[in-house]
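**Student:** Provide a 3D model corresponding to the input given below.
(one chain, ligands or ions: 1)
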Amino acid sequence: MNGSSLVARGLQKTFGATRALRGVDLEVRSGEIHALMGENGAGKSTLMSILSGAATPDTGSMELGGAPYRPSGPREARQAGVLLVHQELSLCGHMTVGENVMLGIEPASYGFLRRSEMREKAEKALKAVTGKEGTISLDARAADLSPADRQLVEIARALAVPGCRILLLDEPTSSLAAGDVDRLFVLLRELKQRSLSIVYISHFLEEILRVCDVYTVLRDGQVAEKGTIAETTAKKLVLAMSGNASNAGTSPVEAALLVRSEEEDTEKAPVLVVENAAGVKKPSSASLTVHRGEVVGIAGLLGAGRTELLRMIFGLDPVAKGTIQVASQGGSASPAKRIAQGVGFLSEDRKGEGLLLSMSIADNLTMSRLSGLGPAGFVKDGQQRDSAKKWTDMLAVKMRDVGQKVRDLSGGNQQKVALARLLHQEADLFLLDEPTRGVDINSKTQIERHIRALAASGKAVLVVSSHLPDLLSICDRIGVMYRGRLGEIRPASAWTEHALLAAATGAEGNT
Ligand SMILES: Nc1ncnc2c1ncn2[C@@H]1O[C@H](COP(=O)(O)OP(=O)(O)OP(=O)(O)O)[C@@H](O)[C@H]1O
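**Tutor:** Down below sits the predicted model:
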């Protein structure tokens, strides 16, 4: 058995009234891939921040290789060999791959960069990640790389740090396509052979079962369970995370939606009609119709133009060619006009376009539809809070109360607030870009059920997702985008995961 590499004992961390960690122990051994699991808000990122020196615990202690470890900041943690690879990638887009890999550890003498040594070291780190030289050019601009390559460069950057021994990966596959996930896993296994320790956060159970050796489950800031992957199952892990099996049944709001659907006439009118539409760059060609009562899914690799298609429909990007009709109205549209037409948009960039982080959950949630919350021009605090509470309860947002600032929520809970806001808006057409990204498995099932319930109540939903099983389970019809072009929309039953992937990678004639 390998020795312990990083040990944490009794870590506690409080943010105001929130006890994010309540006495957490963690033991990571050399040469193991250690899954850190838990529902949104369980404390995973807080623990990673402490391990990587970005935050200090209120109480508790840590040891690295048997010696006390108390990093005063990320720089000290890096020097000690503990490196965090963030979920949201942090490469400098205008710099080259080589410059990014060596950022902060450039070799220099008398204030001058030793350029050839710098290149050599960057090349070595990249080779360790990609398996062979030249797969990713040292001179490429980081901004021009695919998301998968950016992720690999980010890991190369960690490995280039002298003495790197603990790699902390926070949802490393959330922006990767299936083939790239395989490539990452090959790398992780190689790193493990070289006695590196890897702490791996992911909400994808299948990935954890495939690549990890041991696991620690956090629940409400405490260790709920730990053990070896070989001795557990997906079901047991889900139970450990949630603490109960309360994921069955229909929520009251879903039930209301379902009842309403029975009263609606069953005529399926088109809500969105896109004909041969193209944007300035992407998409290059897209045609689709979404009817009342149906969920249409768009698959495709990152960069294929899926997000651009949704943005164009919502009026955020111009239509260069073709037509887009919402509720039988054509012509050009701004987001304000689309909202007035009953369109709701969930952006994949929840921080940039979605949420106002410095405002409260209640304000964020109700800002898109304040009517009905008080007399004209006034918003009644109580009604606003009640309305917000209804949605946050339904999506199980982990928070102190609806007055809490969105900034202080965990990533997955912010995503839930963005979605709750859209549900509150009561749109007729929902455009959802990666609605379950970063969301824990129980909440994901819940959100998928809500999406189905929306359709059952007569709403129209267009959803983009990188996770093919999700698309297959919630959509009535699915189309695949490949290099800017949207292929034929077929019934979900006509697709398999394999066929979707083949179309997304151009392996099948994507007609
Ligand atoms: N800076 C902060 N200020 C206030 N509360 C915070 C802060 N950071 C985290 N929290 C709270 O601490 C708790 C744990 O959050 P953390 O981000 O560690 O969860 P997580 O397990 O990483 O969740 P996710 O899966 O959604 O990323 C949450 O209740 C969160 O709201």
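
**Student:** which secondary structure state does Q325 sit in?
**Tutor:** strand (DSSP: H, G, I helix; E, B strand; the rest coil).

**Student:** that one bridge partners, please.
**Tutor:** Counting by DSSP bridges, Q325 is bridged to V273.

**Student:** and it, how far from D363?
**Tutor:** 33 Å (CB to CB, to the nearest Å). The C-beta positions use only the backbone N, C-alpha and C, and glycine is treated the same way.

**Student:** the more surrounded of the two?
**Tutor:** Between Q325 and D363, D363 has the larger neighbour count (other CB atoms under 10 Å), namely 19 against 16.

**Student:** which elements pack onto the helix or strand containing that one?
**Tutor:** Counting by DSSP states H and E, the element that carries D363 is helix 361-366. Helices and strands touching helix 361-366, by 3 or more CB pairs under 8 Å, 6 or more residues apart in numbering; DSSP states H and E, are helix 381-394, helix 411-425.

**Student:** got TSV for the ones you listed, with mean neighbour count too?
**Tutor:** Shown next, in TSV, are these (neighbours: other CB atoms under 10 Å):
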stretch	mean neighbour count
helix 381-394	17
helix 411-425	23
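
**Student:** columns distance to E171 and mean pLDDT on top of these, output as CSV?
**Tutor:** Compiled in CSV, the helices and strands packed on helix 361-366 are given as follows (distance: least, CB to CB, whole Å; pLDDT from 0 to 100):
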stretch, distance to E171, mean pLDDT
helix 381-394, 23, 79
helix 411-425, 8, 86
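
**Student:** so which of those helices is nearest the ligand?
**Tutor:** helix 411-425 (2.8 Å; CB to the nearest ligand atom).

**Student:** hmm, that closest one touching the ligand?
**Tutor:** Yes. Shown here: helix 411-425 in contact with the ligand (CB under 6 Å from any ligand atom) through G411, G412, N413.

**Student:** that older thread, what's the closest of the helices and strands packed on helix 361-366 to K281?
**Tutor:** K281 sits nearest to helix 411-425 of all the helices and strands packed on helix 361-366, at 25.9 Å, using CB to CB.

**Student:** low-confidence ranges, the stretch 251-400 of the chain, go.
**Tutor:** Scanning the stretch 251-400 of the chain for pLDDT under 70 picks out 251-267, 331, 350-353, 368-381.

**Student:** try it again at 90.
**Tutor:** 251-269, 280-282, 300-304, 327-342, 347-359, 363-400 (pLDDT under 90).

**Student:** A67 - how many residues pack around it?
**Tutor:** 7.

**Student:** that one pairs with what?
**Tutor:** Beta-bridge partners of A67, as defined by DSSP bridges: L64.

**Student:** element containing V7?
**Tutor:** Here V7 is assigned to strand 4-15, by DSSP H and E.

**Student:** whether that strand contacts the ligand - can you check?
**Tutor:** Yes. Shown here: strand 4-15 in contact with the ligand (CB under 6 Å from any ligand atom) through F15.

**Student:** does anything pack onto that strand? Which helices or strands?
**Tutor:** Right, strand 4-15 is packed against strand 18-29, helix 44-51, strand 59-64 by 3+ CB pairs under 8 Å, 6+ apart.

**Student:** residues from the protein in reach of the ligand?
**Tutor:** 15-16, 18, 20, 38, 40-46, 398, 408-413, 440.

**Student:** so where is the stretch 51-200 of the chain shaky, pLDDT-wise?
**Tutor:** Looking at the stretch 51-200 of the chain by pLDDT under 90, you get 75, 85-95, 98-138, 140, 142-164, 170-184, 186-187, 190-191, 194.

**Student:** same thing but at 50, please
**Tutor:** Judged against pLDDT under 50, the stretch 51-200 of the chain has no low-scoring part.

**Student:** please enumerate the helices of it.
**Tutor:** 74-80, 97-102, 115-130, 147-159, 178-193 (DSSP state H, counting those that start in this stretch).

**Student:** rebuild those helices as CSV, extending it with mean neighbour count.
**Tutor:** As requested, the helices of the stretch 51-200 of the chain are exported to CSV (neighbours: other CB under 10 Å):
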stretch, mean neighbour count
helix 74-80, 17
helix 97-102, 24
helix 115-130, 18
helix 147-159, 22
helix 178-193, 16
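
**Student:** could I get those as JSON lines with distance to H203?
**Tutor:** Putting these into JSON lines (distance: least, CB to CB, whole Å) gives the following:
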{"stretch": "helix 74-80", "distance to H203": "24"}
{"stretch": "helix 97-102", "distance to H203": "27"}
{"stretch": "helix 115-130", "distance to H203": "24"}
{"stretch": "helix 147-159", "distance to H203": "16"}
{"stretch": "helix 178-193", "distance to H203": "13"}
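
**Student:** right, so of the ones you listed, which gets closest to D386?
**Tutor:** helix 147-159 (40.4 Å).

**Student:** just how off-centre is that closest one within its chain?
**Tutor:** Taking CA atoms, centre = their mean, to the nearest Å, one finds helix 147-159 lying 17 Å from the centre of the chain it belongs to.

**Student:** for the nearest residue to A234 once chain neighbours are set aside, what are phi and psi?
**Tutor:** Nearest residue to A234, sequence neighbours excluded (CB to CB, 6 or more residues apart in numbering): L205, at 4.8 Å. Dihedral pair for L205: phi -60, psi -40, per degrees, to the nearest 10.

**Student:** same question, the one 5 residues further on
**Tutor:** Here is the backbone geometry of R210 (degrees, to the nearest 10): phi -80, psi -40.

**Student:** so it makes contact with V186?
**Tutor:** No. In this structure, R210 is not within contact of V186 by CB atoms under 8 Å, at 11.5 Å.
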